[in-house]
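**Q** got a predicted model here, sequence first, then my questions.
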Amino acid sequence: MSPKNVEHQPHGAEELCEAGMSLYVRALRKGPIPADEARAVPCLIDFGLLQPDLEDPHQLRPLAPAVALSRLLHESAEDTARKRQQEALLAEAFEPLVRADIPDAVTTTPPISVLSGLDRINLVVSQTLADASSELLAIQPFTSLTHHPTPYQAVALDRDQDLLDRGGRIRTLYQQTLRHAPRVLARYEHLRGDAEARTLDEVPDRLLVVDRTVAFLSANAERTVALEIRHPALVQHLVTTFERFWQLATPMYPQTVRRPSRNGITPRQRAIAALLIEGLTDAVIAARLGMNVRTARVHIAKLAATLGSDSRAQLGYLIGQSGILEPEPEQPPGRRAPEEASAPED
C-alpha cells in the first residue's frame, strides 16, 4: 500500500509509522524521492529523515540512519533535560506555598472543576481511571469522532482494558444509530472482561462516572471543555439518571436484542414519529437521533407511505390515530426479546 493511501496519524519518532518507514527505506535504497510524495507522511520531514536536495528542490534525500539516530537521541536528551529543569523550577516556585498556612477550604479538592482542552481532559480522565477499582459508567452520544480513529480512542481502549483487568466493570450507553457502527463493534471485539453496552434512540451529552465518586460531563458541543464533578450528591444524581436510562435501553453487547416492528413501523420510525408530532424540523430530528438529514427524510417518507399520508400535517394526525406511540406490551415473565446477530433493525 502506498503512503498516499494511508491516513497519517501524529506520532513520536520512536514509533515511526508503517507508511513513513516504507518510504524512508525506499529512499535509502533508491535515492531521492519527489517532495509531493512525502507530503502524505510529514513525519519523515518533521523528524529530519528526509531533507531537501540541494541540486533539485523538488526532490528529498534521505538522511543516513546512523546520523538520524544520533540526532534524535540528542534531541530526546535535550527534551528530558528541559523537563527536569521545568520540574525543578515548579518545585522551587511552589515550595513556599506548600509550607504556607493556607486554610483547608483552599487546599481541598473543589467539588466541580473546569477542564479545558482535549489533552487536559483525557489526562485527568486517564489518571482517575488508573486509580479506579470497581466501575465505569459511560454515555456516548453520536459524534463524528465515533467513526474516525483518533489517538484519544486508542488511549481510551487501553485504560478501559486496564480497569477490566483489575476486575472492574464497564457499562456504556450508545445512541441507537451507533448500534452497527464498525468502530463501536470493533471496540467490544478487543475488550476482555465484564463490559456491557446498550442503546437508546436519544441520549444526553457525554458522561463518565468512575467508581460512583467522580463524574465527567461535556460542557460544550466540541467536547473541548468538560466538568470534573466530585460532589457526592451530584455524582449520585448522575448515577441514578444513568441507571434509569440503562433500564430503558436495548441490549447491544454481549447480548444483542432486536426491537420488533409494530404494524410495519420500525423502532427507528417510531422514534422519528414521536419527534414529528412535536413539530420538529427534519434537521432537528436528525440531530436528536444522531443521523444525517437525508436518512431522517428517508425514514419519514417510509413512515408516511406506511400510514398512507399525503402531507406533513396529515402525517402528524395519522401518527396520533395509529397508536404506534403507545407503550410496547411487556414481555411475559420468563420470556426474552428475540436476539439478532448483526442485521440492522431498520
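**A** Sure, I can see it.
**Q** where do the strands of the protein begin and end?
**A** 33-34, 50-52, 59-62, 112-116, 135-140, 169-175, 194-200, 207-210, 214-218, 225-229, 250-253 (DSSP state E).
**Q** give me the number of residues near the residue lying closest to Leu164 once chain neighbours are set aside?
**A** Setting aside the residues directly before and after it, Leu164 is nearest to Gly193 in space (CB to CB, 6 or more residues apart in numbering), at 2.9 Å. Heads up, the C-betas are built off the backbone N, CA and C, glycines and all. One way to gauge burial is a neighbour count; for Gly193, by other CB atoms under 10 Å, it gives 14.
**Q** how about Ala19?
**A** Other residues near Ala19 number 21, with proximity taken as other CB under 10 Å.
**Q** same question, Phe47
**A** Phe47 has 20 neighbours, counted by other CB under 10 Å.
**Q** offset the numbering so it begins at 363, please.
**A** In the new numbering, first residue 363, that becomes Phe409.
**Q** my guess is it meets Ala430, correct?
**A** Yes: under the criterion of CB atoms under 8 Å, Phe409 lies in contact with Ala430, with a separation of 7.4 Å.
**Q** would you reformat the strands of the chain as a markdown table and include mean neighbour count?
**A** What follows is these, written out as a markdown table (neighbours: other CB atoms under 10 Å):
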| stretch | mean neighbour count |
| --- | --- |
| strand 395-396 | 15 |
| strand 412-414 | 18 |
| strand 421-424 | 20 |
| strand 474-478 | 13 |
| strand 497-502 | 20 |
| strand 531-537 | 20 |
| strand 556-562 | 19 |
| strand 569-572 | 22 |
| strand 576-580 | 21 |
| strand 587-591 | 20 |
| strand 612-615 | 18 |
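**Q** make TSV from those and add mean pLDDT and distance to Ala645 to it.
**A** As requested, the strands of the chain are exported to TSV (pLDDT from 0 to 100; distance: least, CB to CB, whole Å):
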stretch	mean pLDDT	distance to Ala645
strand 395-396	88	44
strand 412-414	84	46
strand 421-424	87	47
strand 474-478	91	29
strand 497-502	94	22
strand 531-537	93	17
strand 556-562	92	21
strand 569-572	96	25
strand 576-580	95	21
strand 587-591	94	25
strand 612-615	90	26
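**Q** for the ones you listed, give me a markdown table that also has distance to Gly641.
**A** Shown next, in a markdown table, are the strands of the chain (distance: least, CB to CB, whole Å):
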| stretch | distance to Gly641 |
| --- | --- |
| strand 395-396 | 57 |
| strand 412-414 | 59 |
| strand 421-424 | 59 |
| strand 474-478 | 36 |
| strand 497-502 | 27 |
| strand 531-537 | 22 |
| strand 556-562 | 22 |
| strand 569-572 | 28 |
| strand 576-580 | 27 |
| strand 587-591 | 32 |
| strand 612-615 | 27 |
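**Q** of all the ones you listed, which lies closest to Arg656?
**A** Shortest separation from Arg656 across the strands of the chain is recorded for strand 531-537, at 17.6 Å, computed as CB to CB.
**Q** may I see the buried residues of stretch 645-655?
**A** For stretch 645-655, burial by neighbour count (16 or more other CB atoms under 10 Å) applies to 647-648, 650-653.
**Q** pLDDT on it, on average?
**A** Mean per-residue pLDDT for stretch 645-655: 84.
**Q** and it, how far out from the chain middle?
**A** Stretch 645-655 sits 19 Å away from the centroid of its parent chain (CA atoms, centre = their mean, to the nearest Å).
**Q** same question for stretch 572-588.
**A** Relative to its chain's centre, stretch 572-588 lies at 12 Å (CA atoms, centre = their mean).
**Q** sorry, back to before: need the buried residues of stretch 645-655 in a markdown table (columns: distance to Trp608).
**A** Converted to a markdown table, those look like this (distance: CB to CB, whole Å):
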| residue | distance to Trp608 |
| --- | --- |
| Ile647 | 24 |
| Ala648 | 25 |
| Arg650 | 20 |
| Leu651 | 19 |
| Gly652 | 18 |
| Met653 | 23 |
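**Q** phi, psi of Thr586?
**A** Main-chain dihedrals, Thr586, degrees, to the nearest 10: phi -100, psi 0.
**Q** what about it, distance to Gln515?
**A** Going from Thr586 to Gln515 by CB to CB, to the nearest Å gives 16 Å.
**Q** can you check Met653 too?
**A** Using CB to CB, Met653 is found at 21 Å from Gln515.
**Q** and if you look at Leu485?
**A** For Leu485, the distance to Gln515 (CB to CB) stands at 15 Å.
**Q** could you do Pro394 as well?
**A** Using CB to CB, Pro394 is found at 37 Å from Gln515.
**Q** for the two, indicate the residue with more neighbours.
**A** When neighbours are counted by other CB under 10 Å, Pro394 and Gln515 differ, and Pro394 comes out ahead with 17 against 14.
**Q** distance check, that one against Ser580.
**A** Distance of Pro394 to Ser580, computed by CB to CB: 48 Å.
**Q** and if you look at Glu590?
**A** Plainly put, Glu590 is 12 Å away from Ser580 if you go by CB to CB.
**Q** picking up where we left off before, now the residue nearest to Leu526. Its backbone dihedrals?
**A** Given degrees, to the nearest 10, the pair of backbone angles that Gly555 has is phi 140, psi -160.
**Q** perfect, that will be all.
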